[in-house]
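Asker: Here's my sequence, what's the structure:
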Amino acid sequence: MTTGGADRPGHAGGDGEGDDAAEIESGRVSRPRALMREGGCACGAVRFRLRIGEGAIVDVCHCRQCRKASGAPLVAWVQVAPEDFTVTEGTPAAFASSAEGRRHFCAACGSPLFMTDIDGRSVGVMAGALDEAGDLDPVAEGWITQKLPLVGRIGHLPAFETDPPHDRHEPADEGADGAVGARCAAQTSGG
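Answerer: This next block holds a predicted model:
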């Protein structure tokens, strides 16, 4: 992913205002009001705050580099101006993932958090690292030539509110600590 620039169209919020083709093509869509969001890593060592206002971009990337860096089949990004992003706690580690970009993550737990470009144009925050991201609607997908086929099939799968049955442990199978839900039990406790 390369942060910034008109090649990454999208916007923050799905309020329907400013969704004309020219704004989307330019990569900048206006918002009637700014949203403040906080986020951080899984262990809480790194926290950040961002302002999602006019000119913010929300999009989805399918490139191999984003998939490798996140361990996920796609990544949703919220891109903001550098002055609209602040690390409020901890010091993230970083590595150069390309000639143009640096990816920042928590050195303690490994959570990928955000990306910066070498020109300082924008900060691309991984939507999954936000505490709240449900009201952010991407309007574009990038790198669809590298989109994994499984992404298109997700909407046709049986859906469960928590762990699917094959990930659940019956009470007799609970560990000494009473843990249930092999992969996602921490989500129910806010972790």
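
Asker: Centre of the chain to stretch 70-82, how far?
Answerer: On the basis of CA atoms, centre = their mean, to the nearest Å, stretch 70-82 sits 4 Å off its chain's mean C-alpha point.

Asker: Please work out the average pLDDT along it.
Answerer: For stretch 70-82, mean pLDDT rounds to 97.

Asker: CA atoms only: put that stretch into CSV for me.
Answerer: The C-alpha trace of stretch 70-82 is given here as CSV (Å, rounded to 0.1, in the frame of the first residue of the first chain):
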residue,chain,number,x,y,z
SER,A,70,-1.6,-8.1,8.2
GLY,A,71,-2.0,-11.8,7.9
ALA,A,72,-5.5,-11.1,6.5
PRO,A,73,-7.0,-11.6,3.0
LEU,A,74,-7.5,-7.8,2.6
VAL,A,75,-6.9,-4.6,4.6
ALA,A,76,-9.2,-1.7,5.1
TRP,A,77,-7.3,1.6,5.4
VAL,A,78,-8.2,5.0,6.8
GLN,A,79,-5.8,7.6,5.4
VAL,A,80,-5.5,11.0,7.1
ALA,A,81,-3.2,14.0,7.0
PRO,A,82,-0.2,13.6,9.3
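
Asker: what sits against Ala34?
Answerer: 51-54 (CB atoms under 8 Å, 6 or more residues apart in numbering). To be clear about C-beta, it is placed using only N, CA and C from the backbone, and glycine gets the same treatment.

Asker: filter those residues to the buried ones?
Answerer: 51-53 (16 or more other CB atoms under 10 Å).

Asker: Make JSON lines from those and add secondary structure to it.
Answerer: Below are those laid out as JSON lines (DSSP: H, G, I helix; E, B strand; the rest coil):
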{"residue": "Arg51", "secondary structure": "strand"}
{"residue": "Ile52", "secondary structure": "strand"}
{"residue": "Gly53", "secondary structure": "coil"}
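
Asker: Pick out whichever of those sits closest to Pro73.
Answerer: Ile52 (24.2 Å; CB to CB).

Asker: how near is that closest one to Gly124?
Answerer: 12 Å (CB to CB, to the nearest Å).

Asker: Common neighbours of those two, please.
Answerer: Contacts common to Ile52 and Gly124, judged by CB under 8 Å, 6+ apart, are Val78.

Asker: follow-up on the earlier one: looking at the buried ones among the contacts of Ala34, which one is closest to Thr88?
Answerer: Arg51 (12.8 Å).

Asker: how about the residue lying closest to the closest one once chain neighbours are set aside, phi and psi?
Answerer: Excluding the flanking residues, the one nearest Arg51 by CB to CB, 6 or more residues apart in numbering is Asp84, at 4.1 Å. Taking degrees, to the nearest 10, you get phi -100, psi 10 for the backbone angles of Asp84.
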